[in-house]
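>>> give the three-dimensional model of this entry:
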Amino acid sequence: MKKILTLTAAALFVANFAYADNVGCGLGTQIITEKDTVLMQVFAVTTNGTSGNQTFGITSGTLGCKKPAKFASSEKVNIFVQSNMDSLAFDIAKGQGETLDTLASLMGVEDTTAFGQKLQAKFDSIYSSADVEYADVVDAIYAEI
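Presented below is the predicted three-dimensional model:
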């Protein structure tokens, strides 16, 4: 009896969110096209959530999902920073330079002078140690802009 009540409560909880026809994107949304009832929306949401395909769809821009622009930009920034840690540190310390200008461009920053000055002032927190990881550098830079 306890299992039945738990399952009923869970179904009502999911149905409450699914009723707004806000099932998102993913495999369930693609294969279940008739989402005009709560039951069909629950099936679509459940398929999206249990198979893990919604995350794949968002990151790849497939299954009816739109890939966020910032995700693509962040990935390019991650790769660039990882490949240019030493040059970037040198340019941030100076507050200017080709590597810093390229980073600003990848991040969509228009005022490269102000960007360079801001990062230069925060150099010690961006490059917090000699063995700082690139992901920490990226996080610190995003925190400053």
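
>>> alpha carbons only for contacts and neighbour counts from here, please
Noted.

>>> helix or strand with the lowest mean pLDDT in this protein?
Lowest by mean pLDDT, DSSP states H and E among the helices and strands of the chain is helix 2-18, with a mean of 51.

>>> now the element after it, going C-ward?
As assigned by DSSP states H and E, the chain's next helix or strand after helix 2-18 is helix 27-31.

>>> and that next one, what does it pack against?
helix 38-51 (3 or more Cα pairs under 8 Å, 6 or more residues apart in numbering; DSSP states H and E).

>>> what is the mean pLDDT for the helix it packs on?
For helix 38-51, mean pLDDT rounds to 71.

>>> and what of stretch 116-129?
Taken as a whole, stretch 116-129 has an average pLDDT of 95.

>>> could you tell me the end-to-end distance of it?
Length of stretch 116-129, first residue to last, Cα to Cα, to the nearest Å: 20 Å.

>>> for that stretch, buried residues please.
116-120, 122-123, 126-127 (16 or more other Cα atoms under 10 Å).

>>> what does stretch 78-98 give?
78, 80-82, 85, 88-97.

>>> same question, stretch 135-142
In stretch 135-142, counting by 16+ other Cα under 10 Å, buried: 137-138, 140-141.

>>> tell me the average confidence for it?
Per-residue scores along stretch 135-142 average to 90.

>>> for that stretch, give me every contacting residue.
77-78, 81-82, 119, 125-127 (Cα atoms under 8 Å, 6 or more residues apart in numbering).
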